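*Asks:* pasting the structure only:
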């Protein structure tokens with residue numbers, strides 16, 4: 001898998017219904033190389049989000065994910081089959097090595113907490129650093145995104 005970052009083989013996602021199982025994704029395979037971007041395009045309900053959620057191990061029961069393999073080459077160079085990892089290990093990988101950008105930003109941030117609190121929490125979950133260092137990192141991230149007055153926006 002030299003040069004490969006992510007390889008998905010024969011992905012199938014089904015959801016049970018009273019009328020029988022519904023197949024949301026059927027026999028999908030793709031490879032993403034290092035430095036490449038994969039864009040999944042399709043009509044509403046075609047399985048784009050379900051595909052991404054399945055790769056990240058976020059399909060909740062009773063949904064069922066089957067795949068020959070979902071291989072990710074990590075930052076450490078190790079290849080891991082995400083479809084066979086325990087949830088504790090997947091939690092460490094999500095956000096640190098693989099992430100999903102949701103279409104609807106309102107589903108991504110909790111309006112009860114400040115943006116700063118949420119970004120800082122995510123940074124500290126994946127990296128060992130002080131709250132002050134995480135806040136500085138969050139401010140820099142907002143600045144890189146072109147958000148005006150990033151320090152003020154954190155609060």
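*Replies:* Good, I have the coordinates. Everything numeric in this text was worked out from a predicted model, so none of it was measured.
*Asks:* When you work out contacts or count neighbours from here on, use the C-alpha atoms and nothing else.
*Replies:* OK.
*Asks:* Buried residues, the helix or strand of the chain with the lowest mean pLDDT. List them.
*Replies:* Ranked by mean pLDDT, DSSP states H and E, the weakest helix or strand in the chain is helix 115-126, scoring a mean of 87. For helix 115-126, burial by neighbour count (16 or more other Cα atoms under 10 Å) applies to 115-116, 118-121, 123.
*Asks:* Just send the residues you listed back as a markdown table, with distance to residue 37 too.
*Replies:* Below are the buried residues of helix 115-126 laid out as a markdown table (distance: Cα to Cα, whole Å):
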| residue | distance to residue 37 |
| --- | --- |
| 115 | 27 |
| 116 | 28 |
| 118 | 26 |
| 119 | 24 |
| 120 | 26 |
| 121 | 27 |
| 123 | 23 |
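*Asks:* ok, so of those residues, who is nearest residue 135?
*Replies:* Closest approach to residue 135 among the buried residues of helix 115-126 (Cα to Cα): residue 120, at 5.8 Å.
*Asks:* Please name the nearest non-neighbouring residue to residue 134.
*Replies:* With sequence-adjacent residues excluded and distances taken as Cα to Cα, 6 or more residues apart in numbering, residue 134 is closest to residue 120, at 5.5 Å.
*Asks:* How about residue 123?
*Replies:* Nearest one to residue 123, counting by Cα to Cα, 6+ apart, is residue 134 at 6.2 Å.
*Asks:* and that neighbour, what does it touch?
*Replies:* 120, 123-124 (Cα atoms under 8 Å, 6 or more residues apart in numbering).
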